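> Sequence and predicted model, in that order:
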Amino acid sequence: MTELAVMASFAVVYVAIAGYLVGLLRRDRAQRDRIGER
Amino acid sequence: MNLRTILTAIALAALGYGFWLAAGTPPDAIQGEYVRIIHVHVPASWVAFLAFGGTLVGSLGWLATKRFGFDRFAAASAELGVLFTALSLLTGMIWGQVTWGVAWDWGDPRMASTALMFFVYLGYLALRHATDHPVDRARRSSILGAIAFVQVPLVYFSVNLYRSLHQRQTLTPGGWKIEDASTITALLTNVAAFSLVYLAFVVWRTRQLATAAQRAGAAEAHAGSAITAPTLGDHRD
C-alpha cells in the first residue's frame, strides 16, 4: 500500500506533464500543417 | 533548435534529476515512506501559485497596455495553473488517504480553498472559450484574472488562519520541520525543476496562442477582402 501510494503520486504527475507536452507537440504539428495548406 | 525546445529539454532533465534525488531520500521518522509524496505535491502546489501569479501579471499587463501578448501569456499561465492545481489536489488526496485516513474533508480550509481556487480558474478558462471577440475576451478575462488572484494568499495562509487537518507550510519558519538535509535538497531541486517545466510550457503555449491569433487575423482579413462593395467598371471574367 505504501509503495503503491507513492508510485501513484509520482505517476499521476509525470503522466500529466507528459500529456501536456504531447498536446503542445500535436498543436505545433497541426499549426504547421495549416500553414502548409495555405 | 529554438528557445522552447532548449527550455523543455533542460526542464525534463531537471525533472529526472529531481526524481533521482527524491528516490534516494530516507523515510521520515513519523510519516515513513509516504513523505516522498512531498517531492511532487509541494512543487505542484508551488507551480500552481506561480502560474496564477503569471495570470495576474498578464491580466494587469493587458489592462494597462491593451497589448494582446499579455492576454495570451495570462491564458497560457492559467491553463498550467489549473493543471498543477489538479495535480496538487490529486497527490494531496493520496497523501491524505494514507496518512490521515481520509482523502477529502470539506471542513479543512486548505483543501476547500484549493478546490475553490481550482474551480474559479476553470471558470476563467471557460469564460475565454465562451467569448469570441478578442477585445471582449481579453477585457473580461483580465478583470477575472486580476480579481481571482486574491485567493492565492488565502489558500497559502489558510493553514495558519484556521485549525486545519493539513500541516503548516513545509519550507517556512514555524512550519513543518524537515530534519534530513537530503530531503530538503531533493525538495528544493524538485521545486526548481517544476518551475522550469512551467517556464518552458508557458513560453511554448503563449507562442502557440500567438500563431493561432495571427492565423485567425489573416483569415478574417481574407474574408473581409472577399466582401467588397461593387464599383462601376470593376468587372472581371
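Happy to help now that I have it.

> I'd say residue B:48 and residue B:81 touch.
Yes. Distance between residue B:48 and residue B:81: 5.3 Å, which falls inside the contact criterion (C-beta atoms under 8 Å). In short, each C-beta sits where N, CA and C put it, glycine included.

> Now for these two: what residues contact both?
Counting by C-beta atoms under 8 Å, 6 or more residues apart in numbering or on different chains, residue B:48 and residue B:81 have no common neighbour.

> Can you name the next helix or strand after the one helix or strand residue B:147 maps to?
With secondary structure defined by DSSP states H and E, residue B:147 is part of helix B:134-148. On the C-terminal side of helix B:134-148, the closest following helix or strand by DSSP H and E is helix B:151-161.

> Would you mind listing the buried residues in that following helix?
Of the residues in helix B:151-161, those scored as buried under the neighbour-count criterion (16 or more other C-beta atoms under 10 Å in any protein chain shown) are B:151-152, B:155-156, B:158-159.

> so for that helix, what's the average pLDDT?
Regarding helix B:151-161, the rounded mean pLDDT is 86.

> what's the offset of that helix from the middle of its chain?
From the chain centre to the centre of helix B:151-161 is a distance of 17 Å (C-alpha atoms, centre = their mean, to the nearest Å).

> centre of the chain versus the next helix or strand after it, how much separation?
Next helix or strand after helix B:151-161 toward the C-terminus (DSSP H and E): helix B:181-226. Computed by C-alpha atoms, centre = their mean, the separation of helix B:181-226 from the middle of its chain amounts to 11 Å.

> Helix B:181-226 and chain A, are they touching?
Yes. Using C-beta under 8 Å from any C-beta of the partner chain, a contact is recorded between helix B:181-226 and chain A, made by B:197, B:201, B:204-205, B:208, B:211-212, B:215.

> Next: stretch B:26-36.
Yes. Stretch B:26-36 reaches chain A (C-beta under 8 Å from any C-beta) through B:32-34, B:36.

> Which of the helices or strands spans the most centrally placed residue in chain B?
Centroid-nearest residue in chain B: residue B:81, 1.6 Å away (criterion: C-alpha atoms, centre = their mean). Counting by DSSP H and E, the secondary-structure element that holds residue B:81 is helix B:68-99.

> for residue 3, what are its contacts?
Assuming you mean chain A. residue B:33.

> my question was about chain B
For residue B:3, the contacting residues are residue B:203, by C-beta under 8 Å, 6+ apart.

> picking up where we left off before, of the residues of stretch B:26-36 next to chain A, grab the buried ones for ChimeraX.
In ChimeraX, this line selects whichever of the residues of stretch B:26-36 next to chain A come out buried by 16+ other C-beta under 10 Å:
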select /B:34,36
